[in-house]
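> Predicted structure and sequence below. I'll ask about it afterward.
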Amino acid sequence: MENKMKIEIWSDVMCPFCYIGKRNLENALEQFTESKEIEVVWKSYQLDAEMPQVAEESYIDYLVQRKRMPIDQVEQMLAGVTESAKQVGLTYNLDKSVLVNSLNAHKLLQFANTKGLGNELEERLFSAFFTEGKNIADLATLSQLGKEIGLDEAALQTAFTDDNYAYRIAQDIAEARHIGVQGVPFFGLDSRYGVSGAQPPAVLLENITTAFAEWRERNPKSVLKMTSEGPSCTPDGICE
């Protein structure tokens, strides 16, 4: 298996800055010349594990009633985060967002991770929640989203029935507490550096560059020392 430097991201599907952080990371990696040697791993984190499975409140009502925030402050905050999303090319329709427990979505994410499709599912979940107003607790909806990104529709049902995936979520959350994660998104670079929040691409790029340089020192490229050379053919068709 190819050795790559890991960027681990603790995130919750319902965190508006996590989707923005994903875009900023992608922007940073586009500028990073060694991006092919980076592996992005999505980790589970629940901002509110007590959220109901069935929607009871709008985004505004949730923040006003559960977080005890003044409504004018909430409206200003949501307008600000919607504008921040727009700046990175995202469309947030927070008035349509269905506020439900994200546990089932995280179970599907854990399953997708085992199939190498965690990044694709995370993108689909974010879009479904923030832009399309889909219910990310509904199993039929989640099954459809998983199918759309290439997961086998029958196989992915184990995400909701096998306790192993709930256990993986608990492990991610416990690890987050252990390393001092106070909020999401949180980026763990090579298990050595931590970047908290939806930082600008330039900040992420600087930290990735630093972490990767140290990772490369510990994981040098394997290059054979040429002891002799003879006639050969090159990929461009030259034989001499």
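Cool, the structure landed. Residues are numbered from 1 along each chain as shown.

> ok, now how distant is the nearest residue in space to residue 231 that is not next to it in sequence from residue 232?
For residue 231, ignoring the flanking residues on the chain, the nearest one in space by Cβ to Cβ, 6 or more residues apart in numbering is residue 240 at 6.6 Å. In this view, the C-beta of every residue, glycine as well, is placed from N, C-alpha and C. To residue 232, residue 240 is 8 Å away according to Cβ to Cβ, to the nearest Å.

> Burial check on the residue nearest to residue 231, number of neighbours?
Counted with other Cβ atoms under 10 Å, the neighbours of residue 240 add up to 6.

> Could you do residue 161 as well?
By the criterion of other Cβ under 10 Å, residue 161 has 9 neighbours.

> Could you list the low-pLDDT ranges of this protein?
Counting by pLDDT under 70, the chain shows low-confidence ranges at 1, 223-230, 235-237.

> ok, which stretches of it are helices?
Per DSSP state H, the chain has helices spanning 16-31, 59-65, 71-87, 103-114, 118-126, 139-148, 158-161, 163-179, 201-218. These are given in chain order.

> Serialize the ones you listed to TSV and add fields for distance to residue 50.
Formatted as TSV, the helices of the chain follow (distance: least, Cβ to Cβ, whole Å):
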stretch	distance to residue 50
helix 16-31	19
helix 59-65	11
helix 71-87	19
helix 103-114	11
helix 118-126	20
helix 139-148	20
helix 158-161	20
helix 163-179	14
helix 201-218	32
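
> Go through the ones you listed and pick out the most buried.
Highest mean neighbour count of the helices of the chain: helix 103-114, a mean of 23 (counted as mean count of other Cβ atoms under 10 Å).

> Taking helix 139-148 as reference, get the angle to that helix.
For helix 103-114 against helix 139-148, the angle by axes from the mean of the first three to the mean of the last three Cα atoms, to 10 degrees is 20 degrees.
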